[in-house]
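Visitor: Turn this into a model:
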Amino acid sequence: MSKHSHSNNYQTSENPNILTPSPISHRSHRSHSHSLLEPLEKNEQQSVKEQDFSKSIEDLLTHLEFDVHAGKIWFGGQRMLLNHAHALWRLREELNLTLGSDITQRLFFRYGYFAGVEDAEISKKLRPDGSWKEVFLSGPQLHTIRGMVKVVPDEMTVDFDSGKFFASFDWYNSFEVAYHKKFNGLSETPVCFSSLGYASGYTSYFFGRQIAFKEVQCAAMGFDHCRIEGRPLEEWEEDTDLQKFFNTERLNTELFERRSNFDEVKRQNPNTRIKPEGFFSAIGESPSFKKATALTRKVAKTKATVLLQGETGVGKEVFAQALHEASDRNENPFIAINCASIPTDLVESELFGVEKGAFTGAVQTRQGKIEVASSGTLFLDEVVELSHRAQAALLRVLQEGVLNRVGSHINISVDVRVIVATNEDLQTAVTQGRFRQDLYYRLSTFPIHIPPLRERKQDILLLAKFFLQKYAAMYNKNIQGFTDQAREYLNLHTWPGNVRELQNVTERAVILNEDHHLIDAADLLLSNIQDRHKQNSQKLKISADSGSLQLADDSKVNEALETLFYEGFDLENFNDKLIHAALNQCEGNVSKAARLLNISRAKLDYRLSKSSDNRTP
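Guide: Numbers count the residues shown, from 1 in each chain. From the prediction side, this is the model:
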């Protein structure tokens, strides 16, 4: 496999049982001023010294945030956990006793591998303007910040053109070594499986090919410290833990007996499995949504008039289309009309047709939408906007199956199934005299209420994932999901625009995403949620100076606000000046200005384009 090849999800290495996530690109960014990775020239080598490694770790610490009000820890938009090292070790010992050492080692290695992959994705967001070396060294630094082991770089040689790679790191204070020696004494073999998995996962993801690390010496065996070396998988003469612990065929064989009892329970209880609805492509699992789809399914095969009720943006036309497709009329026309978009003086001719010469401008006879939809389905959205004359004519179509074109007294027979929709309460419109009572009773034969998105909380992420896949493919972006914080923002938003708003927010986020594999909270531009978080949350951050936790202090902000306001103060103008002041301080570097303002590069680009649009005459 070429080291530059890409795919939407995962790449297969030389070992078919090992999967490598799509790499962080080295070549695709070279032409941009904010290049993420700058490859070395051919045969150039880099030796990484400890002082180079430690001097910039402070910038990573500032991204670690403790939200003590919500009980969450955030890092790079992903949720973190502060775990007991002893508890993790006790779990490892329990697994050793119940599953055996080989499977336990494999599980801990894979846990570390996937943690490394996650950090490799985060690293490019935290240092978007760094050289490839600065970005890559985020991994060993994050490994140290996590408290797993102190990592000291020794040597690293990389040649992107030939694919050459070698790296060595010294490890000190490994938690796996400490607890093994505490409870089991010295070991005859290396014990740092999760840390080794982390190094392999991080590096493999970063370079887009399988890089296997080996622990060539381990402090648990009596050495002063641990030491690891990494090479491309195919350059190791003997098997590595990466090959052994990701051999899924071997793992499945060993776990077959443990899984067989569970499989038998599933076979005996087939009703516990999730079955597809098999009706139409609406997405949702919430009870209120399932009720609406169940009613839709029941009425689909009939000719009954259906009244779809729900707020703007809930997907009423999707339901109407589903009713048509599930009916016996699905091979005939489906005509959808938004009654609110047709001028009042044209609505009758648009719906019922017009005879030549009926009025000035009627130069030829023309069929109306109802005639066009004959033998099929007519969907009238915002039906409450129809004029009283149009309402009377529609009632005649429903009751007698006939209509007259404007300017004609000839009855035309039509066979049409009518579906109407409204975001208003039609009964209230009847009381106010805006809607005919007899038409209301005729239309409300079979009402279906489509719930707003705020009442479908468990459907939000399902819909967001669907829209993400759609727009990532449309805009040719390799985006695989949302960060934990982005998912939380999606769930917290009230979605007044319902599914349509979610669709638009997701499309915009895909456009703004800067070649990351995950949509971040900042990409969503849901500022109301972000502001609420800031107001309601007591947050602790790591001080870049002392390394200790400190309460996020707004005292400096409050002092500035006291002298800020003046007569004629303009908030938008102030925001523009603030942004341009940050750009001036950063000599026009947009990414640095975004970090200075504590917003994403995408959000700053959006504000700059908005500011430019506002200035355009």
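
Visitor: Count the residues that sit near L461.
Guide: L461: 16 surrounding residues under other CB atoms under 10 Å. The way it works is simple: take the backbone N, C-alpha and C, and place the C-beta from them, glycine included.

Visitor: Helix or strand: which one has it?
Guide: helix 457-474 (DSSP states H and E).

Visitor: Can you give the contact residues for that helix?
Guide: 283-286, 289, 453, 478-479, 481-482, 487, 490-491, 495, 499, 502-503, 506-507, 509-511, 519 (CB atoms under 8 Å, 6 or more residues apart in numbering).

Visitor: which residues in the stretch 101-250 of the chain form strands?
Guide: In the stretch 101-250 of the chain, the strands defined using DSSP state E, counting those that start in this stretch lie at 150-159, 164-172, 211-217, 226-232.

Visitor: one step back: which among the contacts of helix 457-474 end up buried?
Guide: For the contacts of helix 457-474, a burial check counting by 16 or more other CB atoms under 10 Å picks out 283-284, 286, 289, 453, 479, 481-482, 487, 490, 495, 499, 502-503, 506-507, 509-510, 519.

Visitor: Which of these fall in strands?
Guide: G481, F482, I519 (DSSP state E).

Visitor: quick one: contacts for the residue nearest to the spatial centre of the chain?
Guide: The residue lying closest to the centre of the chain (CA atoms, centre = their mean) is F482, at 2.7 Å. Going by CB under 8 Å, 6+ apart, F482 touches L461, A464, K465, L468, L490, L518, I519.

Visitor: Closest one of the residues you listed to P153?
Guide: Using CB to CB, L518 comes nearest to P153 of the contacts of F482, at 27.2 Å.

Visitor: The closest one is in contact with Q480, isn't it?
Guide: Yes - counting by CB atoms under 8 Å, Q480 is a contact partner of L518 at 6.6 Å.

Visitor: So for these two, which sits in the more crowded spot?
Guide: Just comparing L518 and Q480: by other CB under 10 Å the higher neighbour count belongs to L518, 23 against 18.

Visitor: which non-adjacent residue is nearest that one?
Guide: Closest residue in space to L518, ignoring its immediate chain neighbours: T483 at 4.9 Å, by CB to CB, 6 or more residues apart in numbering.

Visitor: Assign the closest residue to P452 other than its chain neighbours to helix, strand or coil.
Guide: Excluding its sequence neighbours, the residue lying closest to P452 (CB to CB, 6+ apart) is E311, at 4.9 Å. Per DSSP: H, G, I helix; E, B strand; the rest coil, the local secondary structure of E311 is coil.

Visitor: What is the neighbour count of E311?
Guide: 18.

Visitor: State the distance from it to H449.
Guide: 10 Å (CB to CB, to the nearest Å).

Visitor: next one: E317
Guide: 16 Å.

Visitor: Check L524 too.
Guide: 28 Å.

Visitor: For R601, report the pLDDT, please.
Guide: pLDDT recorded at R601 is 78.

Visitor: same thing with K164?
Guide: Note on K164: pLDDT of 86.

Visitor: Let me know whether it touches T157 as I believe.
Guide: Yes - between K164 and T157 there is a contact under CB under 8 Å: 6.7 Å.

Visitor: how close does K182 get to F223?
Guide: K182 is 17 Å from F223, by CB to CB.

Visitor: what about the two, which has more around it?
Guide: F223 (13 against 10).

Visitor: Just the pLDDT for that one.
Guide: 95.

Visitor: how close does it get to V149?
Guide: 14 Å.

Visitor: Equivalent analysis for V418, please.
Guide: In terms of CB to CB, V418 sits 70 Å off from V149.

Visitor: now swap in R366 and tell me
Guide: 78 Å.

Visitor: for the stretch 251-400 of the chain, which spans come out with low pLDDT?
Guide: 251-281, 357-363 (pLDDT under 70).

Visitor: can you redo the strands of the stretch 101-250 of the chain as a markdown table with distance to I599 and mean neighbour count?
Guide: Below are the strands of the stretch 101-250 of the chain laid out as a markdown table (distance: least, CB to CB, whole Å; neighbours: other CB atoms under 10 Å):
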| stretch | distance to I599 | mean neighbour count |
| --- | --- | --- |
| strand 150-159 | 31 | 18 |
| strand 164-172 | 34 | 19 |
| strand 211-217 | 34 | 21 |
| strand 226-232 | 36 | 21 |
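
Visitor: Using JSON lines, lay out these together with distance to I410.
Guide: Below are the strands of the stretch 101-250 of the chain laid out as JSON lines (distance: least, CB to CB, whole Å):
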{"stretch": "strand 150-159", "distance to I410": "83"}
{"stretch": "strand 164-172", "distance to I410": "83"}
{"stretch": "strand 211-217", "distance to I410": "80"}
{"stretch": "strand 226-232", "distance to I410": "82"}
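
Visitor: lowest-confidence stretch among these?
Guide: Among the strands of the stretch 101-250 of the chain, strand 150-159 scores lowest, with a mean of 89.

Visitor: Sketch out the low-pLDDT regions of the stretch 1-150 of the chain for me.
Guide: Ranges of the stretch 1-150 of the chain meeting pLDDT under 70: 1-56.

Visitor: quick revisit: neighbour count: V418 and V149, which is higher?
Guide: V149 (29 against 22).

Visitor: Touching, R79 and I73? I think so.
Guide: Yes - contact status for R79 versus I73: in contact at 6.8 Å, counting by CB under 8 Å.

Visitor: so how far is Y475 from the residue of the chain most remote from its centre?
Guide: Distance from the centre of the chain peaks at H409, with 57.7 Å (CA atoms, centre = their mean). Between H409 and Y475 the computed distance is 55 Å (CB to CB).

Visitor: now do A390
Guide: 42 Å.

Visitor: More neighbours: these two, which one.
Guide: With neighbours defined as other CB under 10 Å, A390 and Y475 compare such that A390 has more, 20 against 12.

Visitor: Run through the neighbouring helices and strands of the host helix or strand of that one.
Guide: If you go by DSSP H and E, A390 is part of helix 388-400. Packed against helix 388-400, as judged by 3 or more CB pairs under 8 Å, 6 or more residues apart in numbering; DSSP states H and E, are the following elements: helix 347-352, strand 402-403, strand 417-422, helix 437-443.

Visitor: Give me whichever of those is most buried.
Guide: Most buried of these, by mean neighbour count (mean count of other CB atoms under 10 Å): strand 417-422, with a mean of 24.

Visitor: who does the helix or strand following that one touch, helix- and strand-wise?
Guide: The first helix or strand that comes after strand 417-422 along the chain, using DSSP H and E, is helix 426-431. Packed against helix 426-431 by the contact rule (3+ CB pairs under 8 Å, 6+ apart) you find helix 437-443.
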